[in-house]
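S.K.: Sequence first, then the predicted structure:
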Amino acid sequence: MGPLAEAPALLPALSVVLGASAARTQVPLWPCLAAVLALWGGACLIHLLVAQGGPRGLSWVAPWVLAFSLLGLLRGYWAVERRIEPSEVRCQGIVVHERTWGRGQAGLVSTPLGRLVVISRVPISEGDRVELSGRVVPLEPPEGDGFDQEVYWRSQGAVGAFEGGISVLQGESGVLSRLLKMRLHLERRVLLELPPLCRGYVAAALFGLRDQELTEAHRRWGTSHVLAVSGFHVGLVLLGFSLIPLFRGPRSIWLSIPLWGYVALAGFSASAVRAAAMAQVGLLGVALGRGVRGMGLLASGAYGVLMVNPWLGFNIGFMLSVSSVAVLLGYGARLGGAGYPLISAAVWFATYPLVSRWFGFAPLVGLLSNLLAMPFFTVYLGLLIPASALALALGVDWPVLPLEWVAEAYGGFMDLLWRAFPRVIPYHPALEMVSLWVLALGILLGLGFRGRRLWVAVGLVVISSLAFLWMGGYPLNGV
């Protein structure tokens, strides 16, 4: 088994991002084709040098890797290059997402043309059936280094923006509208009936909502990822349901139902969708009696998600999710449970460039706080979600009050830790190079590289990555 067979979807996933980046920076397609062929040839050569099966093991996997890589490249390029043509429109749709936007509201409306971004002057909520009358225009890239609205909305499936009048319709609605209304009703009950800290953590875990005060606290502690719906939360859902006898053994494939049900409840967060796709591939592998490998699952999940929406390759949550899991898998396979402090530090260093560029800095205390955050919230959320369900069902707050006190004590301790280590690390190119080495080493460890070949491969990856950065293809201006 060589690195090409260990994670055959890795090169195809990278090809989707390469195609999308090239289209966004207006690089012609043919250099990208040459780059994919060169990467594929290099991967085949490395496979021949390190794999035990030699050419025999390569003959069946290499053609498939090349085919899916070329398909991914074309998909990424054309999806980003294609833009909706400006036109007049009059249609009906369902509001599938809504958020505050400046002094008003912005939302995504599912229409026959696809999802459209609307800036509404009338109150709208998820599940509303609305009528649009006006003009559809393409989403435009930012002129400077500011907030990239195009990436934000396109990564959520939007095809364009709507300009014109919007009116909320009354009367009978469809299944999608009723499901969204049920979700909104549950969301409001959580916000109105649970105590502050419990409310903040439940709303973040189930609906992807951020409490401003809680968000600022976790940003200060360097643990903002706890409030972002991610693979961590998906893993908790799978762990919880796997304890039920119905979902054990050969019937584990039925875990797909709560898996995707949770992702839908959480609003199809980019990192949650990646984790769910990764888990789904693993569940299918178990059901079919096939072995599953961590890096192979990560690459397959990322490839599937990127093929559905290549714009996710620019999404900050998706990038952080993939890089974190790659490092966890790589160093975890090598160091095991005893190396948890080193693994946690490796994740911090690997994600430092993304965090410092997007948020302005990376808190130094994060090196320590994350050692406590993950085990703490594994237990805490595992208790909080069922306790909150009981509290809402009975209309009382006593099931969650002890957990509210625990959250207050945890916050107090984290503030003490932050005061002891208040320094923050802004972005610096030299530190980005360290992060690049840490990430490359983690990926190569996850692919099975060991010994001298590992360090040779690390050097090749770093050189290739520097060339990619120099060409301007590193997508850091997304959301």
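M.R.: In hand now; what should we look at? Numbers count the residues shown, from 1 in each chain.
S.K.: what about Asn244, how many neighbours?
M.R.: Rather than Asn, residue 244 is Ile. The tally of other residues near Ile244 (other CB atoms under 10 Å) stands at 11. Every C-beta, even on glycine, is put in place using the N, C-alpha and C of the backbone.
S.K.: separation between it and Ser252?
M.R.: 11 Å (CB to CB, to the nearest Å).
S.K.: Could I get the CA-only coordinates of stretch 435-445 as PDB?
M.R.: C-alpha atoms of stretch 435-445 as PDB (Å, rounded to 0.1, in the frame of the first residue of the first chain):
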ATOM      1  CA  SER A 435       3.100  26.200   9.800                       C
ATOM      2  CA  LEU A 436       3.600  24.900   6.300                       C
ATOM      3  CA  TRP A 437       6.200  22.400   7.500                       C
ATOM      4  CA  VAL A 438       4.000  21.300  10.300                       C
ATOM      5  CA  LEU A 439       1.000  20.800   8.000                       C
ATOM      6  CA  ALA A 440       3.100  19.100   5.300                       C
ATOM      7  CA  LEU A 441       4.600  16.700   7.900                       C
ATOM      8  CA  GLY A 442       1.200  15.800   9.300                       C
ATOM      9  CA  ILE A 443      -0.200  15.000   5.800                       C
ATOM     10  CA  LEU A 444       2.800  12.900   4.900                       C
ATOM     11  CA  LEU A 445       2.600  11.000   8.200                       C
END
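S.K.: I'd like the mean pLDDT over it, please.
M.R.: On average, the pLDDT along stretch 435-445 is 83.
S.K.: can you check stretch 235-254 too?
M.R.: In this model, stretch 235-254 carries a mean pLDDT of 78.
S.K.: Just the endpoints, please. Distance across it?
M.R.: Taking CA to CA, to the nearest Å as the measure, stretch 235-254 stretches 15 Å from start to finish.
S.K.: ok, now stretch 49-59?
M.R.: Per CA to CA, stretch 49-59 runs 14 Å from first to last residue.
S.K.: what's the residue closest to the geometric middle of the chain?
M.R.: Nearest to the mean C-alpha position of the chain, by CA atoms, centre = their mean, lies Ser271 at 1.9 Å.
S.K.: Counting neighbours, what do you get for the residue nearest to it when sequence neighbours are not counted?
M.R.: By the measure of CB to CB, 6 or more residues apart in numbering, the closest residue to Ser271 outside its immediate chain neighbours is Ser321, 3.5 Å from it. Neighbour count for Ser321, taken as other CB under 10 Å: 29.
S.K.: For the one helix or strand Ser321 maps to, what does the pLDDT average out to?
M.R.: Using DSSP states H and E, Ser321 sits in helix 316-335. Average pLDDT, helix 316-335: 86.
S.K.: how close does Leu329 get to Leu288?
M.R.: Per CB to CB, Leu329 is found 22 Å from Leu288.
S.K.: higher neighbour count, these two?
M.R.: Set Leu329 next to Leu288 and count neighbours by other CB under 10 Å: Leu329 wins out with 23 against 9.
S.K.: How about the contacts made by that one?
M.R.: Applying CB atoms under 8 Å, 6 or more residues apart in numbering, we find Leu329 in contact with 294-295, 298, 442, 446.
S.K.: From the residues you listed, which land in strands?
M.R.: Using DSSP state E, no member of the contacts of Leu329 sits in strands.
S.K.: These into JSON lines, with extra columns for distance to Ile166?
M.R.: Compiled in JSON lines, the contacts of Leu329 are given as follows (distance: CB to CB, whole Å):
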{"residue": "Gly294", "distance to Ile166": "46"}
{"residue": "Met295", "distance to Ile166": "46"}
{"residue": "Leu298", "distance to Ile166": "40"}
{"residue": "Gly442", "distance to Ile166": "47"}
{"residue": "Gly446", "distance to Ile166": "48"}
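S.K.: Dump the residues you listed into TSV; add neighbour count as well.
M.R.: Shown next, in TSV, are the contacts of Leu329 (neighbours: other CB atoms under 10 Å):
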residue	neighbour count
Gly294	19
Met295	24
Leu298	29
Gly442	28
Gly446	28
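S.K.: between these, which is closest to Ala362?
M.R.: When these are compared for distance to Ala362 (CB to CB), Gly442 wins out at 17.6 Å.
S.K.: Low-confidence stretches in the stretch 301-450 of the chain?
M.R.: Filtered on pLDDT under 70, the stretch 301-450 of the chain yields the residue ranges 337, 450.
S.K.: can you give me the helices in it?
M.R.: Taking DSSP state H, counting those that start in this stretch as the test, the helices found in the stretch 301-450 of the chain are 316-335, 340-359, 366-394, 401-420, 429-446.
S.K.: Comparing the ones you listed, which comes out most buried?
M.R.: Each of the helices of the stretch 301-450 of the chain was scored by mean neighbour count; the highest is helix 316-335, a mean of 23, by mean count of other CB atoms under 10 Å.
S.K.: Convert it to CSV, retaining C-alpha atoms only.
M.R.: C-alpha atoms of helix 316-335 as CSV (Å, rounded to 0.1, in the frame of the first residue of the first chain):
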residue,chain,number,x,y,z
ILE,A,316,-12.3,29.8,6.0
GLY,A,317,-14.3,27.2,8.0
PHE,A,318,-13.7,24.5,5.4
MET,A,319,-10.0,25.3,5.2
LEU,A,320,-9.5,25.2,9.0
SER,A,321,-11.6,22.0,9.3
VAL,A,322,-9.6,20.1,6.6
SER,A,323,-6.2,21.3,7.8
SER,A,324,-7.0,20.5,11.5
VAL,A,325,-8.2,17.0,10.7
ALA,A,326,-5.2,16.3,8.5
VAL,A,327,-2.8,17.2,11.3
LEU,A,328,-4.8,15.3,13.9
LEU,A,329,-4.8,12.2,11.7
GLY,A,330,-1.1,12.4,10.8
TYR,A,331,0.4,13.1,14.1
GLY,A,332,-2.2,11.0,15.9
ALA,A,333,-1.3,8.0,13.9
ARG,A,334,2.4,8.5,14.8
LEU,A,335,2.2,9.7,18.4
